[in-house]
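*Asks:* Generate a structure from the sequence data that follows.
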Amino acid sequence: MAILTSSPRRIDWTGWTLAVLLTLFIALPLLVVGTWAFTEVWRYPSLLPQQFGLRFWHQTLARQDVWDALFMSLRLTFTVTILSAIICLPAAYAFAWLKFPGRNIFFLSFLASHAFPKFGLLVAIAAIFLKLGLISTFWGVVLIQLVGTLMLMIWIPVAAFQSVDRRMEEAARDAGAGPLRVFWSITLPQAFPTIAAALLLTFVATFYETEGAWLIGTPDIRTMPVLMITFINNQIVVQYGAVLSVMLWVPSFIALMFARRVVGAGAFAKGFGA
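*Replies:* Below is the predicted model of the structure:
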């Protein structure tokens with residue numbers, strides 16, 4: 001009787017090398033910035049800071065422009081996310097299930113904002129906004145940031161609505177439920193996890209959007225990313241920019257924790273057709 005022996009599993013050194021390099025590429029800059037945020041003295045050529053402390057946190061948080069920029073970023077982000085849902089979700093449902101002339105062309109047109117160099121597109125839009133009096137206004141920044149959310153809030157919800165079990169909708173209609181009742185009771189609960197993922201991605205992308213907020217909003221509208229760039233360019237002290245960078249991580253961290261507990265990683269993969 002032959003005894004089958006399993007061959008030892010070979011280690012994928014290429015995969016491990018790429019994983020380590022990717023981890024270093026992502027984690028090392030974050031580690032350096034996080035270290036600078038809590039450093040008071042770090043002189044060359046020392047590899048480690050000579051003194052840690054919260055002095056620069058106190059100085060940064062004492063500035064009124066920091067809090068103004070934070071509240072402006074949150075106000076813009078919530079406004080853009082809500083408007084994106086109101087505008088894009090009905091359009092996504094129409095693209096998912098309705099047949100109309102030019103459907104594919106209109107659907108692909110939402111990629112247009114990502115098919116060209118972004119800054120060139122923003123400059124062209126800024127020239128139009130200048131004539132309309134939207135430069136340095138809250139709603140001007142909202143409109144420019146809405147342009148960047150179209151792909152997320154159209155493409156991902158379309159995949160969500162197309163994955164809904166149509167047989168359940170038909171069974172509900174056969175039972176006498178109206179179109180609105182079918183949508184709220186059958187369609188939306190099935191599509192909601194992926195739609196929530198799209199809303200979350202929109203929220204995070206809008207909060208960190210910089211080019212449009214800087215080009216359209218300055219000097220009257222300043223978001224946290226724009227203020228951070230201003231600090232880095234105008235301040236000799238590295239710690240000010242590092243503190244703002246760490247503060248910018250907080251909303252993203254909270255959003256990702258929410259996604260892990262409520263939305264789930266499968267919704268993201270499902271939204272992208274995986």
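
*Asks:* In contact with M247, which residues are there?
*Replies:* Residues in contact with M247 (CB atoms under 8 Å, 6 or more residues apart in numbering) are V66, L70, M224. The way it works is simple: take the backbone N, C-alpha and C, and place the C-beta from them, glycine included.

*Asks:* remind me which residues of the stretch 51-200 of the chain are low pLDDT?
*Replies:* The stretch 51-200 of the chain contains residues with pLDDT under 70 at 111-115.

*Asks:* Strands along that one, start to end?
*Replies:* 51-52 (DSSP state E, counting those that start in this stretch).

*Asks:* which residues in it form helices?
*Replies:* If you assign secondary structure with DSSP state H, counting those that start in this stretch, the helices in the stretch 51-200 of the chain sit at 55-61, 64-97, 103-109, 112-115, 118-132, 138-162, 166-174, 179-182, 188-208.

*Asks:* coming back round to it: check the contacts of M247 for burial and list the buried ones.
*Replies:* Among the contacts of M247, the ones that count as buried by 16 or more other CB atoms under 10 Å are V66, L70, M224.

*Asks:* is it true that the first one touches T230?
*Replies:* No: under the criterion of CB atoms under 8 Å, V66 makes no contact with T230, lying 10.9 Å away.

*Asks:* hmm, back to that, of the buried ones among the contacts of M247, closest to G34?
*Replies:* The closest of these to G34 turns out to be M224 (CB to CB; 16.8 Å).

*Asks:* Pretty sure S73 is one of the things the closest one touches, is it not?
*Replies:* Yes: with contact defined as CB under 8 Å, M224 reaches S73; the gap is 4.5 Å.

*Asks:* Next, show the common contact partners of the two.
*Replies:* Listed as contacting both M224 and S73 by CB under 8 Å, 6+ apart are F207.

*Asks:* any idea how far R181 is from the residue nearest the centre of the chain?
*Replies:* Centroid-nearest residue in the chain: A205, 2.5 Å away (criterion: CA atoms, centre = their mean). Using CB to CB, to the nearest Å, we find A205 at a distance of 34 Å from R181.

*Asks:* Please apply the same query to G53.
*Replies:* Using CB to CB, G53 is found at 60 Å from R181.

*Asks:* For stretch 32-43, buried residues please.
*Replies:* V33, W36, A37, F38, T39, W42.

*Asks:* Centre of the chain to stretch 134-151, how far?
*Replies:* 15 Å (CA atoms, centre = their mean, to the nearest Å).

*Asks:* same check, this time on stretch 49-64
*Replies:* On the basis of CA atoms, centre = their mean, stretch 49-64 is displaced by 28 Å from the centre of the chain it belongs to.

*Asks:* now the end-to-end length of it.
*Replies:* 29 Å (CA to CA, to the nearest Å).

*Asks:* got the contact list for that stretch?
*Replies:* So stretch 49-64 is contacted by 35, 37-43, 66-67, 237, 239-240, 242-244 (CB under 8 Å, 6+ apart).

*Asks:* what's the answer for stretch 88-98, then?
*Replies:* Contacts for stretch 88-98 (CB under 8 Å, 6+ apart): 100, 103, 106-107, 149-150, 153-154, 157-158, 160-162, 195.
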